[in-house]
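> Sharing a sequence plus its predicted fold:
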Amino acid sequence: MKRNIELKARCADLAAAREAARALGAAFAGLLEQRDTYFVAAHGRLKLRETAGKSAELIAYARDDVAVVRGSDYQLVSVPDPAALRTALATALGVRGEVIKRRELWLWQGVRIHLDEVRDLGRFIEFEAVLNPEEPDEAGHLKVATLREALGIGDGDLIGVSYSDLLGM
């Protein structure tokens, strides 16, 4: 399993967040059109992520549903035939729902900054500080705290659940 330290929040002004990230030295890494299909899972969450123009991934992850900076343990599996896998998993497990989003990806000191526009939900920002196996959680917490301050994310903006949960899936 891999691990990251993450934070998710509502974002009223993605343009301002973009400029703050750029001013901090973040590098634009791409615009992603994504569909995440969530499956019923006995433990944690399981989703198939399809990104336009890129290969698909099956992502299994577990994290606490709290509106704070938190650790997330995850596993990624490359998927050469996402349509067939989606059908098989839907048949075997059932589908919770789908999340469609447009994501700007920015990178800063090993942290993935996501500026998201989520269909039927609105605008969000997410930080994922990807940890090396020997790197302590505290290193990720410090980076996320720096970004949170620089981008002006307040306690009232924080989200403790997945987009799928916000959509009532």
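Yep, it's here.
> gap between Gly94 and Trp108?
38 Å (CB to CB, to the nearest Å). (Each C-beta comes from the backbone N, C-alpha and C, glycine too.)
> Comparing the two, which residue is more hemmed in?
Trp108 (19 against 11; other CB atoms under 10 Å).
> Can you name the residues bridging to that one?
Beta bridges link Trp108 to Val111 when assigned by DSSP bridges.
> Tell me if I'm right that it and Ala23 touch.
No - applying CB atoms under 8 Å, one finds Trp108 not in contact with Ala23, separated by 10.9 Å.
> ok, residues contacting the longest helix along the chain?
Ranked by residue count under DSSP state H, the longest helix found in the chain is helix 137-150. Applying CB atoms under 8 Å, 6 or more residues apart in numbering, the contact partners of helix 137-150 are 3-7, 20-21, 23-24, 69, 71, 108-111, 113, 127, 129-131.
> Sitting in strands, which of the residues you listed do you find?
Under the assignment DSSP state E, those contribute Arg3, Asn4, Ile5, Glu6, Leu7, Gly71, Trp108, Val111, Ile113, Phe127, Ala129, Val130 to strands.
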